[in-house]
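Asks: A predicted structure for the sequence below; I have some questions about it.
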Amino acid sequence: MHAALSSRGDGMATEVAEGLVNKRDAAEYLSVGVRTLERLVEHRELPCVRIGRAVRFDVNDLKAFVESRKD
C-alpha cells in the first residue's frame, strides 16, 4: 500500500494513509523540521524503519507519537 499525505493547501497535513513515509513527509506531518525529526529518532523517542540506507516512518507510529503528547 502506498502512503501519502494530503494537504489543505496551507502546508497543514490533514490526512495520512496507512504505510511508510519518508523523513520529509514525516516531518511535515509532525509540523517539525527534518533535523528535529532526526533528533527524535536519535533519542529513541520516535521509532523508524531502516531499509538499507533509507529511513522510513510508519504512519501509525506518527499518529501514536502525537497522541502520546497530548495534554
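Replies: Perfect, I can see it now. Numbers count the residues shown, from 1 in each chain.

Asks: got the contact list for V66?
Replies: Listed by Cβ atoms under 8 Å, 6 or more residues apart in numbering, the contact set of V66 reads L30. All C-beta atoms are positioned from the backbone trio N, CA, C, and that covers glycine.

Asks: how much space separates it from I51?
Replies: Distance, V66 to I51, by Cβ to Cβ, to the nearest Å: 23 Å.

Asks: N60 against G19, yeah?
Replies: No - counting by Cβ atoms under 8 Å, G19 is not a contact partner of N60; they are 9.2 Å apart.

Asks: more crowded one of these two?
Replies: Shown here are N60 and G19; by other Cβ atoms under 10 Å, G19 has more neighbours (14 against 11).

Asks: how near is that one to A27?
Replies: 17 Å.

Asks: in what helix or strand does the residue nearest the centre of the chain lie?
Replies: Among the residues of the chain, the one closest to the centroid is A26, at 2.5 Å (Cα atoms, centre = their mean). Assigned by DSSP states H and E, A26 falls within helix 23-30.

Asks: who does that helix touch, helix- and strand-wise?
Replies: strand 5-7, strand 13-16, helix 34-42, strand 54-58, helix 59-68 (3 or more Cβ pairs under 8 Å, 6 or more residues apart in numbering; DSSP states H and E).
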